[in-house]
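> Kindly generate the corresponding structure for this input.
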Amino acid sequence: MTPEKGQPMDDAQFRTWKLTLVPLLYDWFSNHNLTWPSQACRWGPRVSVHPYKDTYRVYLSEQTPPEEQAADPPKLQVIEVDVPKPNVAAAEVVSTWSELTSCPWIKELKTIVHPGEVNKIREVPEHPEVVVTHTDAPELYVWNTATQPNCTKNKETKRWTQSTADAKLTGHEKDALFPLATCNAAPLVASGGTDKLLLLWDLRDLQDTLLAKKDKDAQSSTTDLSARQKLKGHKKTVEDLVFQPRSTTNLASVGDDAQVLLWDTSSGNSPIAAIDKAHGNCDVHTVDWSALQDHLLATGAADGSLKVWDKRKLPLNGSTAGGSLHTFVYHTDAIMRVEWHPTEKGILASGGEDHLVVVWSLGRATAGAVAAGPRSSSKGGSSNKGSDSSSREAPPEVLFKHVGHRAGKVVDFQWCPCSAWTVMSVSDDTAADPDMAGSSGRKDGGGTLQIWRMSDLLYLPEEQVVAELEQSREWIITGREQQKFKKPPRALDDKTGVREEPASAGAKAVVTALDATAAQGNKQPQQQDNRQDRKRSSEAVDAPEADKAVAAADGPMPMDVEKSS
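Residues are numbered from 1 along each chain as shown. Take a look at the predicted model:
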């Protein structure tokens, strides 16, 4: 019951995937059904650290249809998310969730009523509580989520209170829908629009206003800030742009003119390099710049192709066609977002309208090219859009394929900056084909937010994976417990002469954790690797009373604890 490539799973396939494959492929998986569709999600700061989980602030857009906006306007949601640490969550928890319900590990904290739909969100790295938003208008909005009041609906009028942005960024001549970037070296904001322009603002011009504490009774006001610089070079709508990491002057942008443009704002308002027809004649939708290898850029296009470029090989003050370092063809529809891994060199991910998030490895692409010679999927390549290629195997550079968004197109995702290999992705389920939503009628409007982390057995070095699996050799081969997990005979107590029941492994683990916590204060106790427990997804895991006490102190995050015999 394997779905054809590019086709979402039907109900039977989805059930099999969720119960059988998710516990094996994922270290963590949570699903949160959204009442309204979303176009943007973004990690905020990590707000607390616990022995078995971390808690994060997350920003999420909520879009309502025009006919509903009078009673239910578009919003920017500030939510809190619990994410378990690696090798902690039980297999039963990873696989027992419903598509149509909310996630218990996600809590709404604050609602900001937004002037128009939120198309893109970017946090200011120096002040992650401050975010910038794009909407269907020429203006951008700046919000200090820490000081913004929580909006509620008036019980009598049934109307929402209105939010007032901390600042409005002006300068675009026409609508600026999606292209938005912030700089991690200074509080700079860059935007692109249908006016073919790139605009830059410096939020230090507003720093005192943005970061000031607000009096609850004071009248809120919005400060307008004009763009400091306008860059001209694109011939059609700008689709995306990004700052070079740790640089305040270098940017890359892509657009509907099929170009990739490189900019140095210190040298003028024109591009310093251009790649013409970067993906043939296709619109280029997205671009990202590697933070770990700053000579590498990645672009995704409307034909589903993904390309990696070496900036050092591009001619300055001129144009070039082709010359990509890698061309990856696996998506069957447009790529909407691409992002490099924040801590692993040569790893990047792409999300698209084919409902997939694909994780790529440049190391595998290079190894595959050396072993098998030139491949159309990793060098050169042609579009795979709309094709039915279920018989074609995934190319070696595909490290992982996330298929959880079967009901809608993946419109945004982001690697978690503080939790390696953890991803947050969101889909717009209103645009899904009803025939692809399954016989249960999953297409119910709204969207889906998923937070997931692939199993480290899929990306660790082979020798390390073999060594870890060796610890569970007997269970893998025979399905039987290893001897060390069997209940030992009762020991004779020297003082009472009574054979006492030994503590369960779970109770011992809890006592050890409590002792370590008491001895080390805020230091985190060492976590036990429980891969064998995670593979036993068919058995129920009942936490003993001591485990429940720890869970209550640490928050409602399920743990893997060995059940006593």
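
> would residue 221 count as being in a helix?
No. Assessed with DSSP: H, G, I helix; E, B strand; the rest coil, residue 221 is coil; it does not lie in a helix.

> Report the contact partners of it.
residue 164 (CB atoms under 8 Å, 6 or more residues apart in numbering). Bear in mind the C-beta positions are built from the backbone N, C-alpha and C, glycine included.

> Quick one: the strands in the stretch 351-500 of the chain, in order.
357-361, 398-402, 409-415, 422-428, 447-454, 491-492, 499-500 (DSSP state E, counting those that start in this stretch).

> And the contacts of the second one?
The one in question is strand 398-402. Taking CB under 8 Å, 6+ apart as the rule, strand 398-402 contacts 25, 330, 347, 356-361, 364, 394, 423, 425, 450, 452, 454, 458-459.

> Report the contact partners of residue 343.
Applying CB under 8 Å, 6+ apart, the residues near residue 343 are 292, 420.

> what's the distance between it and residue 422?
Distance, residue 343 to residue 422, by CB to CB, to the nearest Å: 11 Å.

> Run through the helices of the stretch 351-500 of the chain in chain order.
Using DSSP state H, counting those that start in this stretch, the helices of the stretch 351-500 of the chain run over 362-372, 462-470, 473-478.

> Identify, out of those, the most deeply packed stretch.
With neighbours defined as mean count of other CB atoms under 10 Å, the helices of the stretch 351-500 of the chain peak in mean count at helix 362-372, which reaches a mean of 15.

> Just put the helices of the stretch 351-500 of the chain in CSV and tack on distance to residue 352.
Below are those laid out as CSV (distance: least, CB to CB, whole Å):
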stretch, distance to residue 352
helix 362-372, 19
helix 462-470, 29
helix 473-478, 35
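
> out of the ones you listed, nearest to residue 325?
helix 362-372 (8.3 Å; CB to CB).

> chain center to stretch 227-234, what's the gap?
Offset of stretch 227-234 from its chain centre (CA atoms, centre = their mean, to the nearest Å): 30 Å.

> Residue 144 and residue 208 touch, don't they?
No. Residue 144 is beyond contact range of residue 208, at 11.9 Å (criterion: CB atoms under 8 Å).

> more neighbours, these two?
residue 144 (20 against 8; other CB atoms under 10 Å).

> what residues are up against that one?
127, 129, 130, 166, 210, 211.

> returning to what we had before: which neighbours do residue 343 and residue 422 have in common?
Contacts common to residue 343 and residue 422, judged by CB under 8 Å, 6+ apart, are absent.

> quick one on the thing from earlier: just the buried ones among the contacts of strand 398-402, please.
Neighbour counting with 16 or more other CB atoms under 10 Å marks 25, 330, 347, 356-361, 364, 423, 425, 450, 452, 454 as buried within the contacts of strand 398-402.

> Just flag the most distant two among those.
Among the buried ones among the contacts of strand 398-402, 364 and 450 lie farthest apart (CB to CB), at 24.5 Å.

> List the beta-bridge partners for the nearest residue to residue 458 once chain neighbours are set aside.
Once flanking residues are discounted, residue 458 sits nearest to residue 400: 6.0 Å by CB to CB, 6 or more residues apart in numbering. Beta-bridge pairing for residue 400 (DSSP bridges): residue 359.

> Residue 400: neighbouring residues, count only.
Neighbour number of residue 400 under other CB under 10 Å is 20.

> Please apply the same query to residue 49.
12.

> can you check residue 288 too?
So residue 288, with other CB under 10 Å, has 22 neighbours.

> how close does it get to residue 316?
Applying CB to CB to residue 288 and residue 316 gives a distance of 21 Å.

> Please apply the same query to residue 307.
20 Å.

> Who has more neighbours out of the two?
residue 307 (25 against 10).

> Pull out the buried residues from the helix or strand that contains the more buried one.
Using DSSP states H and E, the element containing residue 307 is strand 305-310. Using 16+ other CB under 10 Å as the test for burial, strand 305-310 gives 305, 306, 307, 308, 309.

> hang on, isn't the first one packed against residue 332?
Translated: residue 305. No. Contact criterion CB under 8 Å: residue 305 and residue 332 do not qualify, at 11.0 Å.
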